[in-house]
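S.K.: Mind folding the following:
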Amino acid sequence: MRRRVAIIGGGISGLAAAHQLVQSDPSLDVHLYEAGPRLGGVIQTVRKDGFLIEGAADNFITSIPSGIKLCEDLGLADDLIKTNPNGRGADVLTQGKLEPIPSGFMVMAPSRIWPILSTRILSPWGKLRSGLELFIPKRKGADDESLKSFVCRRFGKELFDRLVQPLVGGIYTADPNRLSVAATMPRFLQMERE
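M.R.: A predicted model of the protein is given here:
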């Protein structure tokens, strides 16, 4: 008898799970159920009034090769647009103006002092609070923590609101209170432990 698998939800996770199951065992009878009018969940691209609008995440972290492998398996490798090393980098909207992300800011944490001290994105208090991260003790316990909780605990809420959330929003289109830091950014947990 053929084994049957039901996947509830045709968002990116459901589609990726269905793909993985079929790849790992083609004999499975995989059924995908989606309540909405189309597959893809929040991921969509809309052309409107001459603009290309991404309705969700428009990028993914390439340091984990499984995302690129999935694109290759689906025949999408040639459609990937790599980061332009000559580009300006990312900007965030601050007080009505686009401000460049400080040099050396690694998705969730500053790696260089001067760019953080000189940025107009953070207030003096936000800069001071993020600098106090050096004195924040390691978290005790092994239970999971949300992405927002981790960043706010280590660097302060302002750094989360003004820098991390806009950057992470381009990668994960989920509530940062519900995103597991262990699942999304495990290297930062490792850095905290070390």
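
S.K.: When you work out contacts or count neighbours from here on, use the C-alpha atoms and nothing else.
M.R.: OK.

S.K.: how about the strands of the protein, start to end?
M.R.: Assigned by DSSP state E, the chain shows strands spanning 4-8, 29-33, 45-48, 51-54, 91-94, 97-100, 105-106, 109-110.

S.K.: and the third one, which strands flank it?
M.R.: Taking DSSP bridges as the criterion, strand 45-48 forms sheet pairs with strand 51-54 (antiparallel).

S.K.: Equivalent analysis for the first one, please.
M.R.: Applying DSSP bridges to the sheet, strand 4-8 is found paired with strand 29-33 (parallel).

S.K.: which of the residues in the strand it pairs with are buried?
M.R.: residue 30 (16 or more other CA atoms under 10 Å).

S.K.: can you check stretch 19-30 too?
M.R.: So, applying 16+ other CA under 10 Å, buried residues of stretch 19-30: 19, 21, 30.

S.K.: Would you mind listing the residues in contact with the most centrally placed residue in the chain?
M.R.: Compute the mean C-alpha point of the chain, and by CA atoms, centre = their mean the closest residue is residue 171, 3.1 Å away. If a contact means CA atoms under 8 Å, 6 or more residues apart in numbering, then residue 171 has 57, 58, 59, 60, 61 as its contacts.

S.K.: Relative to residue 179, tell me which of the strands of the chain wins on proximity.
M.R.: Distance to residue 179, taken as CA to CA, is lowest for strand 109-110 among the strands of the chain, at 17.0 Å.

S.K.: Give the rounded mean pLDDT of the closest one.
M.R.: Averaging pLDDT along strand 109-110 gives 64.

S.K.: same check, this time on stretch 20-34
M.R.: 95.
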